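Asker: Provided below for reference: sequence and predicted model.
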Amino acid sequence: MKNNTYHISGMTCQSCRSKVHKALSAITGVQAIEVDLEQALVSIQSEERLVLKDLNAALPSKYKLSEIVEIQKINEVEESEISKWKQLQPLFLIFGYLLGGSALIQLQRGTWDEFMLDFMGLFYLVFAFFKMLDLKGFPDSFAMYDPLAKRIKVYGKIYPFLETLLGVLLILRIAIVPVLLVTLLILGITTLGVIKVLRDKKSIRCACLGTVLKLPMTEATFIENAIMILMAIAVLIEKL
């Protein structure tokens, strides 16, 4: 004797319950059926294992049976997505403050190029700050996806200081063109590593805000790098 329990969608009343019970009872080999309207579950006892496709074929089109395992997987995926976005909240908040701060600085001047330079400068300084909170752990985390940091260990160690220097130079408007070229180089390398991780669907931590904030590697990491790269290209076009 086989016992199987399924989730059922489409039932809204006792009449639905009766229709489901009657339809499934008519299937050859079914010995007993229990339909739980509140829990949206159907338990079936049968002589042999029944095929889910055949069970659904016997039901009116309004109703559909699904294996409990499938429902659990769907719930796990949904919870994972919610958890991922919740973890990314600090990143979104920081971006919001960077945009707002850059806009306020440029309130009087109101030039787009100056806004982008301020945004990139503040971006470097804020992101470097979080990396500085764990200078020992950052290089290993960064090397998980950055190709250059993976090959040259010292690069990961000096990276927070490099970001700090680039941020200061941008804010002070010193050596803008060289700074933008370095930005394209280092963020271009990192972005290639991020793309590879996303393409391979690896689950690793993003070190963009250091190791203190446990951020997952997601498309948001690619977007933040892409924004910086596009801003650097836009200002370079204007400067050259």
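Answerer: Ah, there it is. Model, not experiment: these values are computed from the prediction.
Asker: where along this structure do the strands fall?
Answerer: Here the chain has its strands, by DSSP state E, at 2-9, 30-36, 41-46, 64-67, 205-206, 215-216.
Asker: tell me which of these is the most buried.
Answerer: Of these, the one with the most neighbours on average (mean count of other C-beta atoms under 10 Å) is strand 205-206, at a mean of 20. Bear in mind the C-beta positions are built from the backbone N, C-alpha and C, glycine included.
Asker: what strands line up against that strand, and which way round?
Answerer: The strands beside strand 205-206 in its sheet (DSSP bridges) come out as strand 215-216 (antiparallel).
Asker: what sits up against the strand it pairs with?
Answerer: Lys84, Gln87, Leu88, Pro90, Leu91, Ser203, Ile204, Arg205, Cys206, Cys208, Leu209, Thr221 (C-beta atoms under 8 Å, 6 or more residues apart in numbering).
Asker: how far is it from where the chain is centred?
Answerer: 8 Å (C-alpha atoms, centre = their mean, to the nearest Å).
Asker: residues contacting the closest residue to Ala40 other than its chain neighbours?
Answerer: Spatially, and ignoring its direct neighbours in sequence, Ala40 is nearest to Ile8 (5.5 Å; C-beta to C-beta, 6 or more residues apart in numbering). Each residue near Ile8 by C-beta under 8 Å, 6+ apart is listed here: Val20, Val35, Ala40, Leu41, Val42, Tyr63, Lys64, Leu65, Ser66.
Asker: and what of Val197?
Answerer: Met144, Tyr145, Ile204, Met217.
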